[in-house]
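**Q** A predicted structure for the sequence below; I have some questions about it.
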Amino acid sequence: MRILAIDPGFDRLGMAVIEGDPSKPTHVWSECVKPAKGAPSARLGIVFESVFEAIQTYSPDRLAIESLFFSTNVKTAMRVAEARGAVLAAAGKCSLEVHEYSPQAVKLAVTGYGAADKKAVALMIPHLISLPEKKRLDDELDAIALGIAALSNRNT
């Protein structure tokens, strides 16, 4: 099973391809896409193109995306919802099956505790999967964690 995991965002889009067996996930690729500041339509176009290109390049079996959680900042929530729409449009264009996971489900799968903080998730990832050495932003780590969770929950 090969999963393209997406941590959707308007300013930063975390992406990772994870494959293999839930007991031994393998990191294939990951990055954090940062669309240049500018018109919202152009930024969303970059999100769409980045996801579409990853689907074409890595041929995943499914796409995993974090479900939208509501925050007090409505503008941020709207921008993330728009980015999710661009991600889902790219998946739809490629007829790729999409599965959504809550932040709590990802934390539970990676740390064993659904209310873990970001630091606990980041510290646990290297114990679950071998990653090439490089500096990663939180969004990329979130996508890797999502991929691990999706691989361990591949029947959902």
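**A** Looks like it arrived, so ask away.
**Q** Isn't V80 up against F10?
**A** Yes. With contacts counted by Cβ atoms under 8 Å, V80 reaches F10, the gap being 6.2 Å. For the C-beta atoms, the positions are set from N, CA and C on the backbone; glycine is no exception.
**Q** could you pull out the strands for this structure?
**A** In the chain, the segments counted as strands under DSSP state E are 2-7, 13-21, 24-33, 62-66, 98-101.
**Q** list the buried ones in the longest one?
**A** If I follow you right, that is strand 24-33. Neighbour counts using 16 or more other Cβ atoms under 10 Å place P25, H27, V28, S30, E31, C32, V33 of strand 24-33 among the buried residues.
**Q** one step back: can you lay out the strands of the chain as a markdown table showing mean pLDDT?
**A** Below are the strands of the chain laid out as a markdown table (pLDDT from 0 to 100):
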| stretch | mean pLDDT |
| --- | --- |
| strand 2-7 | 97 |
| strand 13-21 | 96 |
| strand 24-33 | 97 |
| strand 62-66 | 96 |
| strand 98-101 | 96 |
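**Q** Of the ones you listed, which stretch is the most buried?
**A** Most buried of these by mean neighbour count (mean count of other Cβ atoms under 10 Å) is strand 2-7; its value is a mean of 27.
**Q** angle of it against strand 62-66?
**A** With axes from the mean of the first three to the mean of the last three Cα atoms, to 10 degrees applied, the angle from strand 2-7 to strand 62-66 works out at 20 degrees.
**Q** who does strand 2-7 touch, helix- and strand-wise?
**A** strand 13-21, helix 40-58, strand 62-66, helix 138-152 (3 or more Cβ pairs under 8 Å, 6 or more residues apart in numbering; DSSP states H and E).
**Q** Go through these and pick out the most buried.
**A** helix 138-152 (a mean of 26).
**Q** Export only the CA atoms of it, formatted as CSV.
**A** Extracted in CSV, the C-alpha atoms of helix 138-152 (Å, rounded to 0.1, in the frame of the first residue of the first chain):
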residue,chain,number,x,y,z
ASP,A,138,6.0,20.9,11.2
ASP,A,139,3.7,20.6,8.2
GLU,A,140,6.0,18.0,6.6
LEU,A,141,6.3,16.1,9.8
ASP,A,142,2.5,16.3,10.2
ALA,A,143,2.1,14.7,6.7
ILE,A,144,4.6,11.9,7.6
ALA,A,145,2.6,11.2,10.8
LEU,A,146,-0.6,11.2,8.8
GLY,A,147,0.9,8.8,6.4
ILE,A,148,1.9,6.5,9.2
ALA,A,149,-1.6,6.7,10.7
ALA,A,150,-3.3,6.0,7.3
LEU,A,151,-1.0,3.0,6.7
SER,A,152,-1.9,1.6,10.1
